[in-house]
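[1] Show me how the following folds:
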Amino acid sequence: MKKIISAVVSVFFALTVSVPVIAENALPEVSAKACVLIEEKTGKILFEKNSSEKLPMASTTKIMTTLLCLESGGLDDEFVVDSDAIKVEGSSMGLVEGDVVTKRALCYGMLLPSGNDAANAAAVKIGGSIEHFAEMMNERAEEIGMTRTCFVTPSGLEGEGHGSSAYDMALLAREALRNPEFAEICSQKKAKVEFGNPPYERWLVNTNKLLDMYEGVKGVKTGFTDEAGRCLVSACERDGISMICVTLNDKNDWQDHINMYDYGFSLLDTLELGSDEIIPVPIAGGTEETLPVRADEKLVIGDDGKTENRISSKIVLPPFIYAGVKTGDKVGEIQYFYDGRYIDSIPLKAMKNAEYKMTEKKDSSKSFLNKVKTFLFGN
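    Residues are numbered from 1 along each chain as shown. Below is the predicted model of the structure:
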């Protein structure tokens, strides 16, 4: 009996020690040719593989096309699509010659079904030609700091020199998600959009399956061509911690994004940025000399334990304000920076009303008579 128990214990011990121990923050295995995972607010790289290598990025290009379309304004103005622009191969939102659309509809057509026709139609409407629109794309890329990027087409179909790096695409997604309308559109699993001749409502379905596969995913864009392979730019947020993930040429992109997000969330804790300081701002024309203002919000970022000492801030306030400001009105802001790069801001709001100073109205006729009396008769 003792031998049997001893043998069982030995077998149990052997099984126990043979189980591999997985580190809590083990680096993910990724099959992509290039990838990057960044904390969205700071842009800090949490994981990368060949993230600076310039590669074709397929339809993730449409992130830039959509951003420029949204920034151009007049989103709900109707117009007829350019008949030549929409004659393009590949994925489509279903535009045909003579269709009446809006820029907003084209944005949905680019980000959900990844319409190449939508991208070309937007480019010609905004830039006058695809070539000039590509110049606009590259100018905006330079503003964002995308140093390894060259845009040639608005759709992502191959063009000579068209390409970007995983890190540049993460920076682009970070910039695009600051636009509330972009963020709203790319997070939709499907949407009802109106266009046609005459326009009528129809449903567009998002190609981004990750929206249903992982909690907190809020976009952004899929892509595929034979040259680029499978490309995916995504963003995910939980408990105030937000990250952006990019994979280029990745046959296992859905799972790789999940693995990288698992890694990122195991690495990060929330860090709140804010201030309880009450700041007096001079008032012009008020009953009091100053108005107290304070930040009543917090900015939440993801912290890997090495972030806080690289954060700086700047208080932005006018030299004075005019009376009439109401409690809760925004008067200024606190801007936050990571390694000198802008993160975000929180508003500084008035803590009370800045009342107008009431002045007595003088009777001009009486004032004149008093002056005459003083001149004639003295005091």
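
[2] just the helices in the stretch 251-379 of the chain please.
    253-267, 364-377 (DSSP state H, counting those that start in this stretch).

[3] Lowest average pLDDT across the ones you listed?
    Ranked by mean pLDDT, those end with helix 364-377 in last place, scoring a mean of 55.

[4] Which residues belonging to stretch 252-271 are considered buried?
    253-261, 263-265, 267-268, 271 (16 or more other C-beta atoms under 10 Å). Where C-beta positions appear, they are placed from N, C-alpha and C, glycine not excepted.

[5] Stretch 193-206 now?
    Buried, per 16+ other C-beta under 10 Å, within stretch 193-206: 193-196, 204, 206.

[6] got a list of contacts for it?
    With contacts defined as C-beta atoms under 8 Å, 6 or more residues apart in numbering, stretch 193-206 is touched by 78, 93-96, 98-102, 105, 108-109, 111-113, 188-192.

[7] Kindly report the same for stretch 317-325.
    279, 281-287, 291, 293, 331-332, 348, 350, 353-357.

[8] try it again with 6 Å
    281-286, 332, 350, 354, 356 (C-beta atoms under 6 Å, 6 or more residues apart in numbering).

[9] OK, contacts around residue 66?
    Counting by C-beta under 6 Å, 6+ apart, residue 66 has contacts 107, 110-111.

[10] repeat that for 7 Å
    Going by C-beta atoms under 7 Å, 6 or more residues apart in numbering, residue 66 touches 107, 110-111, 182.

[11] Same list, the residues you listed, but as a markdown table with neighbour count, secondary structure and distance to residue 132 please.
    Converted to a markdown table, these look like this (neighbours: other C-beta atoms under 10 Å; DSSP: H, G, I helix; E, B strand; the rest coil; distance: C-beta to C-beta, whole Å):
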| residue | neighbour count | secondary structure | distance to residue 132 |
| --- | --- | --- | --- |
| 107 | 25 | helix | 20 |
| 110 | 31 | helix | 18 |
| 111 | 30 | helix | 23 |
| 182 | 23 | helix | 22 |
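
[12] Of those residues, which pair is most distant in space?
    Spatial extent of these (C-beta to C-beta) is set by the pair 110 and 182 at 10.5 Å.

[13] Now do the SS call for residue 96.
    Three-state call for residue 96 (DSSP: H, G, I helix; E, B strand; the rest coil): coil.

[14] cool, residue 137 as well?
    helix.

[15] Start the count at 24 instead of 1 going forward.
    New numbering, starting at 24: the last item is residue 160.

[16] What number of residues are in the vicinity of it?
    When neighbours are defined as other C-beta atoms under 10 Å, residue 160 has 24 of them.

[17] which of the buried residues of stretch 216-229 lies closest to residue 54?
    Nearest member of the buried residues of stretch 216-229 to residue 54, counting by C-beta to C-beta, is residue 229, at 23.5 Å.

[18] how near is that closest one to residue 223?
    21 Å (C-beta to C-beta, to the nearest Å).
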